[in-house]
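**Student:** fold the following and give me the result.
(one chain, ligands or ions: 2)
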Amino acid sequence: MQTTLAEAFRNTAEGDTAERILRNCVHCGFCLATCPTYQILGNELDSPRGRIYLMKQVLEGATPTARTQQHLDRCLTCRNCETTCPSGVEYGRLLDIGRHIVEEKVGRSPREAATRAVIKTGLLSPLLFNTVLKLGQSVRGLMPGFLQARIPAAEESGTRPAPHHARQMLVLEGCVQPGLKPNINAATARVLDRIGISLITAAEAGCCGAVAHHLNDHDDSLAAMRRNIDAWIPHLDAGVEAIVMTASGCGVMVKDYGWLLRDDPAYADKAARVSAATKDISEILVAEADALKQLGTRAEPKRIAYHPPCTLQHGQKLSGGVEALLTRAGFELTAVAEKHLCCGSAGTYSILQPEIAGELKTRKLNHLQAGQPEVIVTANIGCLTHLQSGSSIPVRHWVELLDSALATS
Ligand code: SF4
Ligand code: SF4
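**Tutor:** Ligands and ions are numbered 1, 2, ... in the order given. The predicted structure follows:
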């Protein structure tokens, strides 16, 4: 797509990147067919091609309006359009740039700004988040059904083996996952321990930066990245083999540190090193399949439906690994239609765009439940809690099922 950047964006890092990406878009519209918001809203401006056109206009000097911002806000950043696009358009990177520019020019109403500040404070303070969560869980039984659905029941984590193997990997604990579903990282540690790998934590590491990034707060997001890099590099120097992600939403973010910090002379190399060492837990276990095979499994429950998060299949381009591991462990995966479509969770999206998120959740659950599974599994804490809030079927992380299958073998 021919683009003539406005003076303000010429010879800038954002302008150059945006122009390179825009050039690749040939306006074919193939991406419309797999865009969840276009499927629901039916408006070209809520499709990838429409949003690309809006961003192009802004980069060429048009003044963005609140309406422009709304169309960009409605994007789930699921990146399904990237998987579909035959021209390799890096839509996600362009959207980051477009949202940043539009945010600076349009701003936020006091109400929107307050909502975003509350989300950021609530999700990024483990003490505050866990206190509120525990309070909610303690009175959960007295709440009406719709509120109960929003607060997951308290859960035990099971034992977590102390590090004792020579082979070690780091885990990013995550900001909300340890409070909501403490068993996910514990189950990961147990599975890895059985194949001779100890999972350790860098105490100074915290949120991956995705929450602030989703809210367009680039400074806070970059600060979180630098803090994690400082926490992890000494462990990589000491021989830790990988940084394991048990939430695909965090994984896609940490794998992007190298790109996001490429212009920071103090962090560019370290960020690239951290990104290269970062692996989703499915990548680790696929690579260790021979060791897993020695263990034997007894899969219980049998019938499960798998929802691959967008951050795994479109963001990290990882498909098939989870399915292969679960099938090999003896689980029966039910057929699920529209596997490529987002469930509506999408980071902070389900809070900021509840109507679209709710519609996508219902659509996704209809497909997941069609095969009458005993359990639904996924690979990201956001998808897990979002889907669980609309289903009476238990929704779990797939590694928990693999752990229980190994435990009973
Ligand atoms: S499929 Fe790719 S090239 Fe075609 S309109 Fe969408 S982004 Fe542009
Ligand atoms: S990222 Fe997802 S919601 Fe956004 S334009 Fe692409 S397909 Fe549509």
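
**Student:** longest helix of this protein?
**Tutor:** helix 218-237 (DSSP state H).

**Student:** who in the stretch 1-150 of the chain is up against ligand 1?
**Tutor:** 25-31, 48-49, 52, 81, 85, 87, 89 (Cβ under 6 Å from any ligand atom). For the C-beta atoms, the positions are set from N, CA and C on the backbone; glycine is no exception.

**Student:** sec struct for whichever residue of the stretch 251-400 of the chain sits closest to ligand 1, please.
**Tutor:** Nearest residue of the stretch 251-400 of the chain to ligand 1 (Cβ to the nearest ligand atom) works out as residue 314 at 13.3 Å. Following DSSP: H, G, I helix; E, B strand; the rest coil, we place residue 314 in the helix state.

**Student:** what's the pLDDT at it?
**Tutor:** Residue 314 carries a pLDDT value of 98.

**Student:** mind checking pLDDT for the residue in the stretch 301-409 of the chain positioned nearest to ligand 2?
**Tutor:** The nearest approach of the stretch 301-409 of the chain to ligand 2 comes at residue 342, 6.4 Å away (Cβ to the nearest ligand atom). Here the pLDDT value assigned to residue 342 is 98.

**Student:** the longest helix of the chain - contacts with which helices or strands?
**Tutor:** Other elements packing on helix 218-237 under the criterion 3 or more Cβ pairs under 8 Å, 6 or more residues apart in numbering; DSSP states H and E are strand 167-171, helix 210-214, helix 257-260, helix 268-277.

**Student:** and the longest one, what's buried?
**Tutor:** To tie it back to what came earlier, the one meant is helix 268-277. 268, 270-271, 273-275, 277 (16 or more other Cβ atoms under 10 Å).

**Student:** quick one: the helix or strand following it to chain centroid distance?
**Tutor:** Using DSSP states H and E, the helix or strand that follows helix 268-277 towards the C-terminus is strand 278-280. Strand 278-280 sits 13 Å away from the centroid of its parent chain (Cα atoms, centre = their mean, to the nearest Å).

**Student:** what does stretch 247-261 give?
**Tutor:** The chain centroid and the centroid of stretch 247-261 are separated by 9 Å under Cα atoms, centre = their mean.

**Student:** kindly format the C-alpha coordinates of it as PDB.
**Tutor:** These are the backbone C-alpha positions of stretch 247-261, laid out as PDB (Å, rounded to 0.1, in the frame of the first residue of the first chain):
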ATOM      1  CA  ALA A 247       0.700 -18.400  30.300                       C
ATOM      2  CA  SER A 248       0.900 -17.900  26.600                       C
ATOM      3  CA  GLY A 249      -0.100 -14.300  27.000                       C
ATOM      4  CA  CYS A 250       3.100 -13.700  29.000                       C
ATOM      5  CA  GLY A 251       5.100 -15.800  26.600                       C
ATOM      6  CA  VAL A 252       4.200 -13.800  23.500                       C
ATOM      7  CA  MET A 253       5.200 -10.700  25.400                       C
ATOM      8  CA  VAL A 254       8.600 -11.900  26.700                       C
ATOM      9  CA  LYS A 255       9.500 -13.300  23.300                       C
ATOM     10  CA  ASP A 256       9.000  -9.700  22.000                       C
ATOM     11  CA  TYR A 257      11.400  -8.100  24.500                       C
ATOM     12  CA  GLY A 258      14.200  -8.200  21.900                       C
ATOM     13  CA  TRP A 259      12.100  -6.200  19.400                       C
ATOM     14  CA  LEU A 260      10.600  -3.800  22.000                       C
ATOM     15  CA  LEU A 261      14.000  -2.900  23.500                       C
END
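
**Student:** do me a favour and average the pLDDT over it.
**Tutor:** Stretch 247-261 comes out at a mean pLDDT of 97.

**Student:** which residues touch it?
**Tutor:** If you take Cβ atoms under 8 Å, 6 or more residues apart in numbering as the criterion, stretch 247-261 is touched by 93, 172, 174, 177, 184, 208-210, 213, 221-222, 225-226, 228-229, 243, 245, 267-268, 271-276, 278-280, 309, 311-312, 315-316, 318, 347, 379-382.

**Student:** rerun at 7 Å
**Tutor:** The contact list for stretch 247-261 (Cβ atoms under 7 Å, 6 or more residues apart in numbering) reads 172, 174, 177, 208-210, 213, 222, 225, 229, 243, 245, 267-268, 271-272, 274-275, 278, 280, 309, 311-312, 315-316, 347, 379-382.

**Student:** check stretch 283-292 too.
**Tutor:** 195-196, 242, 244, 318, 321, 324-325.

**Student:** run the last query once more with 8 Å
**Tutor:** Contacts of stretch 283-292 (Cβ under 8 Å, 6+ apart): 169, 191-192, 195-197, 242, 244, 318, 321, 324-325, 328, 399, 402, 406.

**Student:** confidence-wise, which helix or strand of this structure is lowest on average?
**Tutor:** helix 145-148 (a mean of 68; mean pLDDT, DSSP states H and E).

**Student:** counting neighbours, what do you get for the closest residue to residue 217 other than its chain neighbours?
**Tutor:** Leaving out its chain neighbours, the residue that sits closest to residue 217 by Cβ to Cβ, 6 or more residues apart in numbering is residue 120, at 6.9 Å. Residue 120 has 18 neighbours, counted by other Cβ atoms under 10 Å.

**Student:** buried set for the helix or strand containing residue 120?
**Tutor:** For residue 120, the host element (DSSP H and E) is helix 110-124. Within helix 110-124, the residues scored as buried using 16+ other Cβ under 10 Å are 115-116, 119-120, 123-124.

**Student:** again, but for stretch 39-51
**Tutor:** In terms of neighbour count (16+ other Cβ under 10 Å), stretch 39-51 has its buried residues at 39-41, 45-51.

**Student:** mind putting those residues in TSV, secondary structure, pLDDT and distance to residue 12 included?
**Tutor:** Formatted as TSV, the buried residues of stretch 39-51 follow (DSSP: H, G, I helix; E, B strand; the rest coil; pLDDT from 0 to 100; distance: Cβ to Cβ, whole Å):
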residue	secondary structure	pLDDT	distance to residue 12
39	helix	96	35
40	helix	96	35
41	helix	97	32
45	helix	98	26
46	helix	98	28
47	coil	98	27
48	helix	98	24
49	helix	98	25
50	helix	98	25
51	helix	98	21
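
**Student:** mind checking how far the residue lying farthest from the centre of the chain is from residue 59?
**Tutor:** Within the chain, the residue lying farthest from the chain centre (Cα atoms, centre = their mean) is residue 7, at 35.2 Å. Relative to residue 59, residue 7 is positioned 11 Å away (Cβ to Cβ, to the nearest Å).
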